[in-house]
Every structure is written in C-alpha cells, then in structure tokens.
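> need a 3D model of the sequence below.
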Amino acid sequence: MLNSKELRERRTKRTRFQVRKRSDGKPRLSVFRSNAQIYGQVIDDAAGKTLVSASSLEKDLRQSLKSGGNTDSAVAVGKLLAERAKAAGITAVVFDRGGYKYHGRVKALADAAREAGLQF
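As a prediction, this is how the structure comes out:
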C-alpha cells in the first residue's frame, strides 16, 4: 500500500500532465504547502527556470504573519507572488495545484493571486 507522500506524488504527476497539455506556452504557477509554510513559484517549463517565487518564510511576511501555515499567510504569499510576476511582465499563467485539493490554503493563494492581477 502506498503512503500519503507517494499518493500525493502520483496526483502531482497526473495534474502536471494536464497542466502542461493546456498551458499554450504560458508559465506555470506551482504551489507547495507543508504543515508549517506555503510556497509559490512561476515556472517557465520550456526553459526549465523559475521566473518568480514567494513563500511565507520571507522576512517581511514572517514578521507580519502569526503563522506560515494558515490561509492568511497563503493570501499574503499569493498577493506578493502576483505583484512580482506583474513586475516581471507576466500577466497570464496556468495554475498547478500540485496534487493538493483546490481548497483551503491552495485556494486562498490562487484567489489572492487572481485579485492582484494574474490571469488563470
């Protein structure tokens, strides 16, 4: 029987295949969440490079947030990520939930990025 990490990795591969199939050359907004933190990256799969990133571990966010593992931190990371992406000239991305349910912190990050101006 597979453990939870292996099951999430399977879902990640399945999700990533569908994301790449529908990407149309747009960069991918990838989300990783742990119990304590949340991270977001905008990745150019063609070049294999991270264009923009943000996480709840950054100094300015860490000081203003109570915890890195709640929806408030996910909203802050989503806004910061969208601002950095817009500054880098990225307006449209494809959302990669990374094997997690589109719920809670993952949904909060996505909604905050949309509100801050990213289109997906």
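
> buried set for whichever helix or strand residue 60 is part of?
Element membership for residue 60, per DSSP states H and E: helix 59-64. By 16 or more other Cβ atoms under 10 Å, the buried positions in helix 59-64 come out as residue 61. For glycine as for every other residue, the C-beta is placed from the backbone atoms N, C-alpha and C.

> what's the average pLDDT for it?
Across helix 59-64, pLDDT averages out at 92.

> cool, stretch 101-114 as well?
On average, stretch 101-114 scores 97.

> run through who's touching the helix or strand where residue 113 lies.
According to DSSP H and E, residue 113 maps onto helix 105-115. By Cβ atoms under 8 Å, 6 or more residues apart in numbering, the surrounding residues in contact with helix 105-115 are 29, 31, 33, 38, 40, 69-71, 73-79, 81-82, 85, 95, 97-98, 100, 102, 120.

> coming back round to it: report all helices and strands that the following helix or strand past the helix holding residue 60 contacts.
Next along the chain after helix 59-64, taking DSSP H and E as the criterion, comes helix 71-87. Under the contact criterion of 3 or more Cβ pairs under 8 Å, 6 or more residues apart in numbering; DSSP states H and E, helix 71-87 touches strand 38-44, strand 49-55, helix 59-64, helix 105-115.

> thinking again about what came up before, show me what the helix holding residue 60 is packed against.
Checking 3+ Cβ pairs under 8 Å, 6+ apart, helix 59-64 ends up next to helix 71-87.
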